[in-house]
Structure formats: structure tokens, C-alpha cells
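[1] no sequence on this one, just coordinates:
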Ligand SMILES: Cc1ncc(COP(=O)(O)O)c(C=O)c1O
């Protein structure tokens, strides 16, 4: 115990040597060495002319990745929840109503943030494991007349991809509601077209399909959304995430607001450069192909996906835990025996699913063969009714197609 003692035995703390894991959970995903190298380059000041140029480049690359021309496109300092709170905390004003989904863990987080912003919350229901039905959204819009409608494009807690996005945004706009999309697990991994699909505000995280360490999180707002933000009667409750103030730093002025996380901005710049080099559509196709091989393998082994094929989310594969098996024991065994990270379920699906990510730099053929092999081995050793060999064969064959 050092505490207020005037000596500390630093040899007991030792050099930092984290284990080398393969990250196939819900994020973070493995980081490309180029991103890690960018993070070890020298710091410059957050107002240095060279950094201002880097800021411009990051904004341009973010627009490309979000598929938007939005001027208001920035990396928010903090994790995905910071970008989420910047979106909700600025767009939702006291007394506004925000319509949120109930079909996953992150819809509830949207609701909490909307309430903290002083808003009222209305809900549109769908079971965990299913997407929102456009008819239900329409009915809820008509009933509650919300100012803002939020939905989760890629629900990390259920492995469900929300289809019909243009239909949902058109319905919301018919009712004069702005649309906020959670794209934390979709940006850079599955098809997302912010402008074409009529999304007013989208936020994301860097540590999923962008394969970048957490710390600077993408956010984009349309002119309409920003007009609402800039004409608020009351300041947003967070000073740090007040977009009208952040505009001074990320807009034309480039004036100090807070010290940008310089190294994280370097990291996201390199991660986004990798996206642009690969090509966004090619990247979506890679996720679908590689995760498709993973899905083929777990199904051939005898396991069941949580989401139906229509709503399958390539970046997050939710797989039902077989009868008699403890999900936590499986995750621990994979970590201990194989240095492989996958995750258990969250919220309503706690104990019922494994969450296997296939994101960014982790979405590689070798990794999915590895996951299917290791998972089959661990489940078989625990007495589950699985056929590991059939799983690996199906994955291999799917990768050859
Ligand atoms: C869909 C979704 N939204 C929001 C978040 C919050 O992001 P963070 O944990 O980076 O704050 C996550 C994180 O897993 C997520 O999956």
C-alpha cells in the first residue's frame, strides 16, 4: 500500500505487458499496427497548424465513411457514449419528446440520456432479437408526435441489424421529428448511408468496425439538426459536450475549447485512412463475407444464431448458448486456453447468447477459422452437443466461395 507513504516499490508494479489476445468480442477489436504506429508519433499542440490540418483530414475521412456531406462532422473526445450524449444532449431540449426503441440495451441508454437532457421519453416496442417494424414506428410517431426519433442501426446486445432505415426516417420526417441513429457497431462495417437514408444525426465509436482504440468518437449532424441545436432556448446540460461551443474548435474559428486527445485523433485518422484505402463498399462486403463464414461455421457445428437471417448483423454475431452450458465458463476457457475474447449476453439476453464480433481488422479469414475451431473445442470439452469438425469445414468452404 503506497497511498500517502513517501516511498513506493515500483518493481512490484512492473512494466506494462498486456496479454496478446485476439479480440472477437463486441469491441474493442484488434487494431491495425499502422494505427498503433500513428499513436506513437510525437505530440503537437491541439492548436498547432499541423494539427489543424490533421483535424480537416479527419473530418473529410469521417464524411467519406459516414457517406455524408454534413459540415458538422467531428470526432468527439471520449468513447461512443460521449458522442451519443453529445447527440442526444444537444438535440433534445427540456420538454421535447424523444421516441426510443425497446428492442435492446442501447435503446434504454438513449432513454436515460434523453431524460437527463430534460426530455420526455416515449417508446416503440419490439422484442429483443428483432428489429423495429416500420408500421409500429409510424403508429408511435402518430401517437406521441415526438420531436426526436432515435433508433439503433446495429444493436450490439442482440446481433440485430435494423433494416428499412429510409422508411423509418421518412416516417419520422413526415411527423417533423429529427432522426438520431446509433451507428456504433455499423460504421465502417455494414452498409450505412447517412445522407441517402435521411439520417439527421449519427454517432459512432472508433473501437468497433473502425478498429481504433477508444477515445475519439465519430458524430455527424445535418444542417437541420444543427439549426435546432444552435437555436436552443437553454444551454445543454453538459458544458464539455455543448456542440455550440465545440463548433468554435472544430468549425472555422479553431479556437480553444478543451485540449483535444491528440494521440486519439492521430489514431482515428490512420484508421479512417485504412477505410478509404480499402474502399467503404469493399469493406462492407468483406465484413459480410468473413462474418458469413463464421456464421456458416457456428451453424454447421449445431449452434443457433439469435437473430433470423434477414436481420443478421455481420459485425456482431449473437449465437445461442447450448443447453446445459454456462456462457461465462466458455468465455473464460477461450481466454485462458486460446487468448481469444468473445463475450456473454447483456441485459435480457444475459446467459442466453455469446456475442462474437467480426469487426474491422479482426474481420479476417484466419480469425474466423480460429474462433470456430476454439469455440468448438471448448464446447465439446464441456459436453455440449456440437460437431466442431463440421463447423470448421463449413467456415473453410464458405471462405473459398
Ligand atoms: C450500439 C452501441 N451504442 C453505444 C455504445 C457505447 O459506446 P462506448 O462503450 O464506447 O461508450 C456501444 C458500446 O458497446 C454500443 O454497442
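    Received, thanks. Quick caveat: nothing in here was measured; it's all calculated off a predicted structure.

[2] what packs against the host helix or strand of residue 109?
    Assessed by DSSP states H and E, residue 109 sits inside helix 105-116. Helix 105-116 sits against helix 80-91, strand 97-101, strand 120-124, strand 148-152, strand 154-155, strand 178-182, with contacts defined as 3 or more Cβ pairs under 8 Å, 6 or more residues apart in numbering; DSSP states H and E. C-betas here are computed from N, CA, C, even on glycine.

[3] same thing but 7 Å
    helix 80-91, strand 97-101, strand 120-124, strand 148-152 (3 or more Cβ pairs under 7 Å, 6 or more residues apart in numbering; DSSP states H and E).

[4] so that helix versus strand 148-152, what angle?
    Put simply, helix 105-116 runs at 150 degrees to strand 148-152, going by axes from the mean of the first three to the mean of the last three Cα atoms, to 10 degrees.

[5] hmm, who's touching helix 105-116?
    Identification of contacts with helix 105-116 by Cβ atoms under 7 Å, 6 or more residues apart in numbering yields 84-85, 88-89, 92, 98, 100-101, 121, 150, 152, 155-157, 182, 237, 346-347.

[6] Name the residue of this protein with the shortest distance to the ligand.
    residue 80 (2.6 Å; Cβ to the nearest ligand atom).

[7] residues near that residue, how many?
    Using other Cβ atoms under 10 Å, residue 80 is surrounded by 27 other residues.

[8] So which of the helices and strands packed on helix 105-116 is the most surrounded?
    strand 148-152 (a mean of 28; mean count of other Cβ atoms under 10 Å).

[9] and that one, how far from the chain's centre?
    15 Å (Cα atoms, centre = their mean, to the nearest Å).

[10] and if you look at stretch 385-400?
    28 Å.

[11] mean confidence for that stretch?
    Averaging pLDDT along stretch 385-400 gives 98.

[12] Report the buried residues of that stretch.
    386, 388, 390-396, 398-399 (16 or more other Cβ atoms under 10 Å).

[13] now do stretch 270-284
    Across stretch 270-284, burial judged by 16+ other Cβ under 10 Å covers 270-275, 280, 283-284.

[14] any idea how far that stretch is from the chain center?
    The answer for stretch 270-284 is 16 Å, by Cα atoms, centre = their mean.

[15] what does that stretch contact?
    Contacts for stretch 270-284 (Cβ under 7 Å, 6+ apart): 32, 34-35, 38, 58, 61-62, 64-65, 188, 190-191, 206, 210-212.

[16] tell me the mean pLDDT over it?
    98.

[17] Quote the end-to-end distance of it.
    The straight-line separation of the ends of stretch 270-284 (Cα to Cα, to the nearest Å) is 18 Å.

[18] quick one: which helix or strand includes residue 372?
    Per DSSP H and E: helix 365-381 holds residue 372.

[19] ranges for the helices of the stretch 151-300 of the chain?
    165-174, 223-230, 243-250, 262-278, 280-301 (DSSP state H, counting those that start in this stretch).

[20] buried residues in the helix or strand of the chain with the lowest mean pLDDT?
    Counting by mean pLDDT, DSSP states H and E, the weakest-scoring helix or strand in the chain turns out to be helix 243-250, with a mean of 95. Residues of helix 243-250 classed as buried under the neighbour-count rule (16+ other Cβ under 10 Å) are 243, 245-247, 249-250.

[21] so that helix versus helix 223-230, what angle?
    Using the same axes, to 10 degrees: helix 243-250 against helix 223-230 is 110 degrees.

[22] Got the confidence number for the residue of the chain closest to the ligand?
    Predicted confidence (pLDDT) at residue 80: the value is 98.

[23] ok, now residue 2?
    pLDDT for residue 2: 63.

[24] Am I right that residue 20 sits in a helix?
    No. Using DSSP: H, G, I helix; E, B strand; the rest coil, the assignment for residue 20 is coil, not a helix.

[25] surely it meets residue 339?
    Yes. With contacts counted by Cβ atoms under 7 Å, residue 20 reaches residue 339, the gap being 6.2 Å.

[26] Of those two, which one has the most company?
    Shown here are residue 20 and residue 339; by other Cβ under 10 Å, residue 339 has more neighbours (13 against 7).

[27] What residues does that one make contact with?
    So residue 339 contacts 19-22 (Cβ under 7 Å, 6+ apart).

[28] ok, now how distant is it from residue 33?
    From residue 339 across to residue 33, the span is 18 Å (Cβ to Cβ, to the nearest Å).

[29] Please name the bridge partners of the spatially closest residue to residue 311 that is not a sequence neighbour.
    Leaving aside its sequence neighbours, residue 311 sits nearest to residue 160 (Cβ to Cβ, 6 or more residues apart in numbering; 4.7 Å). Judged by DSSP bridges, the bridge partners of residue 160 are residue 155, residue 312.

[30] Thank you kindly, that will do.
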